[in-house]
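In: no sequence on this one, just coordinates:
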């Protein structure tokens, strides 16, 4: 999508898909309803094995309709936008070789060539975006989200207003639970305890949307923005760099925030609403990742050590103790497999084996 107005910054909306085409096309339908017009969608597929790319191409050609996962939320993605939707399919090699794509192409699909994880898959899309001279912002948006028509407008306006007052920033949104839309999942992001490695508080989590909220107070508490909706200016990506791929899954947001804390303020647009299905594609059920899938618990705890080694080496013994404590708790809960996995993580296990 393009906009004739030179005043509207160009935004590349990077969406990562992994075996989740149904969520992705519902998300895409909501994106097409944006009142903000100067954008291009960049959907990166992490070597899905469920025919995702073919399904998404069928949707873009008008041959497949999107279904809403909840009737209550169907109003944000239904009825379907008229198709066909212009698109181009690239490989990761095409991105590496800077293959030219018409800037008016609404949808660019990139096959990343493997399951590169959250950071790796999104990085492919961001590299493509940075190759486009007109790119001003990248909006990382989870595929298991549905947005409102004015979500992006509020984020861009909030970020630009701060920048105009001399505050360089990256911007999040207000996430609500997709299946419980009257409840807040996160106000921008969360807090992080450097000693324990634990995300100690997801800001506003569980609050009613009808309650009194002091957004300025919550903005001051942000330690990291939730990666399911994060607007990043081009200069951030060029000066701070892309996400650290060694995490594979989780804690990339914390690493990014820590690397940029002296140069960029964390904020969120309180009128920008994103409905999030809570990481269902990998079995995680809440932003603080308690008792998610075996895989999510592995990477959550392994990556505590990665952050500690990189930024807070004195905290490593405390992180070690807390991971062992979690392992003991899992054992008491009768989950010996999970307890043994976490024990191995505490002693240095790096690779996940289901």
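Out: Perfect, I can see it now. Small disclaimer: the values here were computed from a predicted structure and weren't measured. Numbering: from 1, shown residues only.
In: from here on, contacts and neighbour counts on C-alpha atoms
Out: OK.
In: so the closest residue to residue 176 other than its chain neighbours: helix, strand or coil?
Out: The spatial neighbour of residue 176 that comes closest, neighbours along the chain excluded (C-alpha to C-alpha, 6 or more residues apart in numbering), is residue 184 at 4.4 Å. Three states are possible here, and by DSSP: H, G, I helix; E, B strand; the rest coil the one that applies to residue 184 is strand.
In: what about residue 184, how many residues nearby?
Out: The number of residues packed near residue 184 is 24, by other C-alpha atoms under 10 Å.
In: break down the chain into its helices, ranges please.
Out: 21-31, 52-60, 92-96, 117-131, 151-164, 215-221, 234-240, 252-260, 294-311, 316-332, 336-346 (DSSP state H).
In: hmm, back to that, let me see the contact set for the residue nearest to residue 176.
Out: Taking C-alpha atoms under 8 Å, 6 or more residues apart in numbering, we find residue 184 in contact with 174-177, 204-209.
In: out of the residues you listed, which is most surrounded?
Out: Using other C-alpha under 10 Å as the neighbour criterion, residue 175 leads the contacts of residue 184 with 30 neighbours.
In: can you pull up the bridge partners for that residue?
Out: residue 186, residue 274 (DSSP bridges).
In: any stretches of the stretch 101-250 of the chain with poor pLDDT?
Out: Under the criterion of pLDDT under 70, none of the stretch 101-250 of the chain is flagged as low confidence.
In: which residues touch stretch 18-25?
Out: Applying C-alpha under 8 Å, 6+ apart, the contact partners of stretch 18-25 are 17, 45-53, 55-56, 59, 66-67, 69, 115, 143-145, 281.
In: among the contacts of residue 184, pick out the one closest to residue 277, please.
Out: Distance ranking of the contacts of residue 184 against residue 277, using C-alpha to C-alpha, places residue 177 first at 6.4 Å.
In: the closest one is in contact with residue 205, isn't it?
Out: No - under the contact definition of C-alpha atoms under 8 Å, residue 177 does not touch residue 205, with a separation of 9.5 Å.
In: residues contacting residue 162?
Out: 168-169.
In: er, residue 308 actually
Out: Residue 308 makes contacts with 194, 197, 314-316, 319, as judged by C-alpha under 8 Å, 6+ apart.
In: most neighbours out of those, which is it?
Out: Counting neighbours by other C-alpha under 10 Å, the top entry in these is residue 197, with 25 neighbours.
In: please name the nearest non-neighbouring residue to that residue.
Out: Nearest-residue entry for residue 197: residue 304, 5.0 Å, with adjacent residues in sequence omitted and distances by C-alpha to C-alpha, 6+ apart.
In: which of the contacts of stretch 18-25 count as buried?
Out: 17, 45-48, 52-53, 55-56, 59, 66-67, 143-145 (16 or more other C-alpha atoms under 10 Å).
In: residue 200 is in contact with residue 192, correct?
Out: Yes - judged on C-alpha under 8 Å, residue 192 makes contact with residue 200 at a distance of 5.5 Å.
In: and those two? Which one has more around it.
Out: More neighbours surround residue 192 than the other of residue 192 and residue 200, with 17 against 13 (other C-alpha under 10 Å).
In: just give the nearest non-adjacent residue to the more buried one, would you?
Out: Taking C-alpha to C-alpha, 6+ apart as the measure, residue 192 lies nearest to residue 199, with 4.4 Å between them; neighbours along the chain are not counted.
In: which residues are in contact with the one you found?
Out: With contact taken as C-alpha under 8 Å, 6+ apart, residue 199 is in contact with 190-193, 288.
In: now, the most widely separated pair of the residues you listed?
Out: Greatest spatial distance in the contacts of residue 199: 193 and 288, 12.6 Å, computed using C-alpha to C-alpha.
In: okay, the closest residue to residue 59 other than its chain neighbours: pLDDT?
Out: Distances taken as C-alpha to C-alpha, 6+ apart put residue 65 closest to residue 59, at 6.1 Å, once the chain neighbours are dropped. The model reports residue 65 with a pLDDT of 92.
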